[in-house]
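> Structural data only, the sequence is not supplied:
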């Protein structure tokens, strides 16, 4: 059954990709003055992004060079007629030139001693027989000499060194989610999405055809990257399943890895064959293999990042949580979703109820059970008293805090309370559901700035809590 | 097994609730000058909302009166010492006074001939034995004389007559979704949410304890309301199951009805018992009963409105659709989700491919199959040519149109094409997934203004399409 995961390379030491993702200097080969060209967008993204790498712990402005035989200056960046004239030895070369001349230029780069390259250009294995030959030729040239991302990809973004080495139009917010994707278009949409949804990223890698480096190599790199706390992957197929599994097994011990695997179904698999030409393989085989090495599998793109958001900021959680709410209905829906997913609600004992009563801050009609319904007129001080008592209980390992909008709701004040209590009990995760939109936005922003994940729907919060519980169980096993 | 759905009232003619939801004049009993009071918020919402009812097809400014023994003018509205002094006979009275004096004031209202009331005040059946007695007493007083919403509710909003007869802080966008909810807090959050998520509502009804009118009565009313095209319900329990089923069976023939039933699980049911005191009943019984009368059951609040959005604007759809995309990965994910849900992808025949080729607008590497991957550089004219040919095919009954963000993507121009083609084939639904956030927002806005539903994730689009297919099958059966 695991036949698809055959080893086809011998086990070897991981490749050093640090200068690929944290270069001190970058050259854009095929930089362009034409706003419609990829070479224009890449150069623009790079210098407007503010490229500021960190070397030996010290940040300094990165160097950017351009190569274009017809220009000496593009967008204010010095341009050279060929790679041979570029001073020094740039850490990274980005290729935006036509596919057929890349092998030749790559040889010049190798002569110059360039060790890392991103090939954005398309026209390789995804493009008929001719393209396949071209890719095979290029592969022979670079083998053992250059680390190559691509070809046919969007490129790489490292938010912490402000490096946009891609033709993505903008940078996502700085954060701790790493994202490896086999689809460039998806990356582009997700970068834009992350701006409105506040997903913070460390490194994004669109690897296209994966001619040289593959998903497993990137996984290994991000597993060691101190800025990355959770790793997300969009996969269509894996060329070397055994390698991926071996690396995933190591990485998941240190960091959570979450995968969305396209081609779960027959329709999806047929679509893949015409997209990247990858063999999708049986989804069941993938699922079993992922599970075996501790990789979390999700069904939607939204779930991919929703889960990563929780796992990158909140600690793993033993099963047994509390739900605290100011709206009964929202509490019921959350209890339902927890139950469906196997997230247990801790039973509140008499002692806890006595402590709650003693605060004299509870409403006479408060629920006296889990979900703890504080009733609609709950002000921040009631949330604080309740949350503090609940979180101090040894059988409560985490909490989902719900807030519905009532006339007296102060979303920012409530968010401050949640943040305060979370600091008091840093080993117990808190996940919020601030139901609302315009009026709750300020509170949500405060929460997320303080690394408390917030979701707009009880199901998403329950799923996030489930991921933290699964993580706890994985690390214990 | 269906024992829970026992009839406890004899079948009778539906009650006329038109003046309750479309009053010409409203009196707020317990209007207040204190910004913390419910009676302040209700009066403010009512007159700042712009209350403008439509009577016999003609709109005219609605009349608002206030009752407060200690004021003659509140927020610029004339106030009377008691209901007896209010001129004429208001169509609707809204109660914001303490529970214990409501029976007395209600008798005055009945004497005056007031036929409709919303009791926002809490302190009835949800509040101990004393409250239960009070509610029973009130029920005796109003029986057969007044239509009562509540008590212990948020109130009612009719966006088309700009009537905010609730203490919701704002009005949701005008639209065609009706919403009946047993949880007031949820309504409040959803109103706020709808502003950012562009869910358009016709009427919102928070019915609290449901002392007089119940979910079935509201369902019957919305079933006849010409402004409502899809009905959404948040339910915890039903007091008269047989009545609900009888009405639902009739209404679902005319309009889609979508329900989220809280208390699906043991944890949820326990939470309900302490929330509204409703008997939740077995979820399986509910599910079977809902299915039997054509009611759609969903799992999350987001799904409730996502489904309603599609059903209120797009026609039912025979199974067999096309997916059109400019991003391969997004196409694969959508195909996967369709497959999981049983949404069939029509196989494209040679003739269709020939027609596509003949336009000379396709990319050499376009997918030549369903999902139709137009490739990343697809400009609006390629989308138009492809969508027109695909939709004209007799075996394609609807389409999911995906757009990922590429350098050359013009989201508004693409949205205009979709709208244009949808006008050409009005009987075939189109559902969009514009993946992105900030950059795609203008395109999404254009789509939704033209009643093309857009979702941020392929799964949601597949779910929406599934609902249209189910609707087609229900109407055919």
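Perfect, thanks for sending it. Everything numeric in this text was worked out from a predicted model, so none of it was measured. Numbering: from 1, shown residues only, chains lettered A, B, ... in the order given.

> Going by C-alpha atoms from here, please, whenever you check contacts or count neighbours.
Noted.

> which residues of the stretch 151-300 of chain A fall in helices?
Along the stretch 151-300 of chain A, counting by DSSP state H, counting those that start in this stretch, helices occupy A:184-197, A:215-224, A:241-254, A:266-275, A:283-292.

> What helices and strands are in contact with the last one?
In this case it means helix A:283-292. Judged by 3 or more CA pairs under 8 Å, 6 or more residues apart in numbering or on different chains; DSSP states H and E, the packing partners of helix A:283-292 are strand A:296-298.

> what's the strand it packs on in contact with?
With contacts defined as CA atoms under 8 Å, 6 or more residues apart in numbering or on different chains, strand A:296-298 is touched by A:256-261, A:287, A:290-291, A:304.

> now with 10 Å?
Under the contact criterion CA atoms under 10 Å, 6 or more residues apart in numbering or on different chains, strand A:296-298 has outside partners A:232-233, A:252, A:256-261, A:286-287, A:290-291, A:303-305, A:307, A:467, A:470-471.

> counting contacts, what elements does the next helix or strand after that strand pack onto?
Later in the chain than strand A:296-298, the nearest helix or strand by DSSP states H and E is helix A:301-313. Judged by 3 or more CA pairs under 10 Å, 6 or more residues apart in numbering or on different chains; DSSP states H and E, the packing partners of helix A:301-313 are strand A:174-181, helix A:184-197, strand A:230-235, strand A:257-261, strand A:296-298, strand A:430-434, helix A:458-476, helix B:458-476.

> So for residue B:110, which of the ones you listed sits nearest?
Closest to residue B:110 of these, according to CA to CA: strand A:430-434, at 41.2 Å.

> returning to what we had before: any chance of the helices of the stretch 151-300 of chain A in JSON lines, plus mean pLDDT and mean neighbour count?
Below are the helices of the stretch 151-300 of chain A laid out as JSON lines (pLDDT from 0 to 100; neighbours: other CA atoms under 10 Å in any protein chain shown):
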{"stretch": "helix A:184-197", "mean pLDDT": "86", "mean neighbour count": "23"}
{"stretch": "helix A:215-224", "mean pLDDT": "96", "mean neighbour count": "22"}
{"stretch": "helix A:241-254", "mean pLDDT": "95", "mean neighbour count": "19"}
{"stretch": "helix A:266-275", "mean pLDDT": "78", "mean neighbour count": "22"}
{"stretch": "helix A:283-292", "mean pLDDT": "89", "mean neighbour count": "16"}
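
> With residue A:177 as the reference, name the closest of those.
Checked against CA to CA, the stretch from the helices of the stretch 151-300 of chain A lying closest is helix A:215-224, at 9.6 Å.

> Share the number of residues neighbouring residue A:87, please.
By the measure other CA atoms under 10 Å in any protein chain shown, the count of residues near residue A:87 is 10.

> Oops, could you answer that again for residue A:451 instead?
18.

> That one falls within a helix, correct?
No - judged by DSSP: H, G, I helix; E, B strand; the rest coil, residue A:451 forms no part of a helix; its state is coil.

> picking that back up, out of the helices of the stretch 151-300 of chain A, which comes closest to residue B:242?
Closest to residue B:242 of the helices of the stretch 151-300 of chain A is helix A:266-275 (CA to CA; 41.9 Å).

> Helix A:283-292 and the closest one, what's the angle between them?
Interaxial angle, helix A:266-275 versus helix A:283-292 (axes from the mean of the first three to the mean of the last three CA atoms, to 10 degrees): 90 degrees.

> low pLDDT regions in chain A?
For chain A, the stretches with pLDDT under 70 are A:1-13, A:274-281.

> Go again with 80.
A:1-14, A:36, A:54-57, A:169, A:273-282, A:406-408 (pLDDT under 80).

> re earlier: and the helices of the stretch 151-300 of chain A: which comes nearest residue A:461?
Across the helices of the stretch 151-300 of chain A, residue A:461 has its closest neighbour in helix A:184-197 (15.2 Å, CA to CA).
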